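# attaching a predicted model along with its sequence, questions to come.
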Amino acid sequence: MAEGKIAFELVSPERLLLSQDVEMVVVPGEEGDFGVLTRHSPMISTLRPGVIQVHEGSAVTDSIFVAGGFAEVTPARCTVLAEEAVAVGDIDRAATEQRLSDARDDLLDAKTDLEKAAAERQIAVSEAMLKAAG
């Protein structure tokens, strides 16, 4: 690993999406965004739906939407286990709007607290994805 860099891995249930040494990564933690640089204090955080930004120099080189998950940070590494991940540029706005509409319909049809919570979660993810897409 290069001096001043941190190993970053982004893993979804389907595959390893990204594995590289980076200067900084900004992660959407449940309590707010946090930046990870080399020699970061160890921590584990849950993630909210949002965008992970990979920084090299003064530029963002990658922006990836995550629907949630967990991040583990050590002084030398940041590993994100995402429930769902897609590059911001690859977000299909029409499909996401349909997903939001379906989730809202599911919320109206929900009969149990579990069904209601699942629909509300899908609404939150879809709204965050649309916001990320711009």
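That came in fine, so what should we check first?
# ok, G69 touching T79?
No - using Cβ atoms under 8 Å, G69 is not in contact with T79, being 10.3 Å away. The way it works is simple: take the backbone N, C-alpha and C, and place the C-beta from them, glycine included.
# so for these two, which residue has more residues nearby?
G69 (23 against 16; other Cβ atoms under 10 Å).
# how about the closest residue to A133 other than its chain neighbours, what does it touch?
For A133, ignoring the flanking residues on the chain, the nearest one in space by Cβ to Cβ, 6 or more residues apart in numbering is I91 at 4.2 Å. For I91, the contacting residues are F65, M129, A132, A133, by Cβ atoms under 8 Å, 6 or more residues apart in numbering.
# ok so the third one is a helix residue?
Yes - counting by DSSP: H, G, I helix; E, B strand; the rest coil, A132 is part of a helix.
# contacting residues for it?
Residues near A132 by Cβ under 8 Å, 6+ apart: G50, V51, S63, F65, V88, I91.
# narrow those residues to those in strands?
Among the contacts of A132, the ones falling in strands (DSSP state E) are G50, V51, S63, F65.
# what average pLDDT does the helix or strand hosting R121 get?
Assigned by DSSP states H and E, R121 falls within helix 113-133. Helix 113-133 shows a mean pLDDT of 94.
# with only the CA atoms kept, save it in CSV.
What follows is helix 113-133, C-alpha atoms only, in CSV (Å, rounded to 0.1, in the frame of the first residue of the first chain):
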residue,chain,number,x,y,z
ASP,A,113,-46.0,-3.9,11.2
LEU,A,114,-43.4,-6.0,9.4
GLU,A,115,-44.9,-5.3,6.0
LYS,A,116,-45.2,-1.6,6.8
ALA,A,117,-41.6,-1.4,7.9
ALA,A,118,-40.3,-3.2,4.8
ALA,A,119,-42.3,-0.8,2.6
GLU,A,120,-41.1,2.3,4.5
ARG,A,121,-37.5,1.0,4.1
GLN,A,122,-38.0,0.6,0.3
ILE,A,123,-39.4,4.2,0.1
ALA,A,124,-36.4,5.6,2.0
VAL,A,125,-33.9,3.7,-0.3
SER,A,126,-35.7,4.7,-3.5
GLU,A,127,-35.9,8.4,-2.4
ALA,A,128,-32.2,8.4,-1.5
MET,A,129,-31.4,6.8,-4.8
LEU,A,130,-33.3,9.4,-6.7
LYS,A,131,-31.6,12.2,-4.8
ALA,A,132,-28.2,10.7,-5.6
ALA,A,133,-29.1,10.5,-9.3
